[in-house]
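K.L.:
Compute the structure for the input listed below.
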Amino acid sequence: MARRPRVGITILLLCSALLAGCTVPDDNSDPHRSTAAAEADIAKTPGVTVRIGRAYDGLTPYLSVNVELSEAFTGDEAALLDSVLAQVWSQDEYAPKKYVTLGVSGAGRTAETTSAALTSLGLSSMKYAGSAVSVIGADLVARYGEWPGSVPTVGQELVQGTPSAG
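P.N.:
Residues are numbered from 1 along each chain as shown. Purely as a prediction, here's the structure:
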């Protein structure tokens, strides 16, 4: 009769250990490059503001990138998005997991104009919600390398009035 409580405790401990082994916590160490650092580099381009954050689709985590363009941005949208995504890919605060959503707002900006700009970069996308599109992580790996990527230099060609290197 004394065995029965031990068996129950043993089973309980075994189940707890198995369940604990199934959960893999996120890396809580400090990032080497934060989203704030990537956002600050992107903000060096006049008329561009970006917010990078973690979002969830049910239980699936992904990166959400919101780009706001004002009239001060007069550059090429495809070059801007290439620079933005390279910056996003270089931060290691939030892993992109399977995909990244990208929303671009500003005069004349729609999911269709964003998709066209991404297509010119060789990145496929699909409409996500509202004016946002979804870019598959595998396509981003193909373009920017394994995550996290190296920190890109701020593209001077995006800064109004800066001559491009030639």
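K.L.:
where does this structure have its least confident helix or strand?
P.N.:
Across the helices and strands of the chain, mean confidence by mean pLDDT, DSSP states H and E is lowest for helix 3-22: a mean of 50.
K.L.:
Kindly spell out which helices and strands sit in contact with the particular helix or strand that has Val88 in it.
P.N.:
Following DSSP states H and E, the helix or strand that holds Val88 is helix 77-90. Applying 3 or more Cβ pairs under 8 Å, 6 or more residues apart in numbering; DSSP states H and E, one finds that helix 77-90 contacts helix 35-42, strand 48-57, strand 60-69, strand 99-105, helix 111-120, helix 137-144. In short, each C-beta sits where N, CA and C put it, glycine included.
K.L.:
Report the contact partners of Ser70.
P.N.:
Applying Cβ atoms under 8 Å, 6 or more residues apart in numbering, we find Ser70 in contact with 47-49, 106.
K.L.:
swap that for Leu80, please
P.N.:
So Leu80 contacts 45, 48, 67, 69, 73, 158 (Cβ under 8 Å, 6+ apart).
K.L.:
give me the number of residues near the first one?
P.N.:
If I follow you right, that is Thr45. Residues lying near Thr45 (other Cβ atoms under 10 Å) number 25.
K.L.:
The fourth one now?
P.N.:
Burial of Leu69 is recorded as 21 neighbouring residues (other Cβ under 10 Å).
K.L.:
And the residue nearest in space to the middle of the chain, how close does it get to Gly47?
P.N.:
By Cα atoms, centre = their mean, the chain has its centre lying nearest to Leu63, at 3.8 Å. To Gly47, Leu63 is 23 Å away according to Cβ to Cβ, to the nearest Å.
K.L.:
and what of Ala111?
P.N.:
To Gly47, Ala111 is 20 Å away according to Cβ to Cβ.
K.L.:
These two: who's more crowded?
P.N.:
Ala111 (20 against 17).
K.L.:
right, and that one touches Met126 too?
P.N.:
No. Contact status for Ala111 versus Met126: not in contact, 9.1 Å apart, counting by Cβ atoms under 8 Å.
K.L.:
Mutual contacts of the two, please.
P.N.:
With Cβ under 8 Å, 6+ apart, Ala111 and Met126 have common neighbours Val133.
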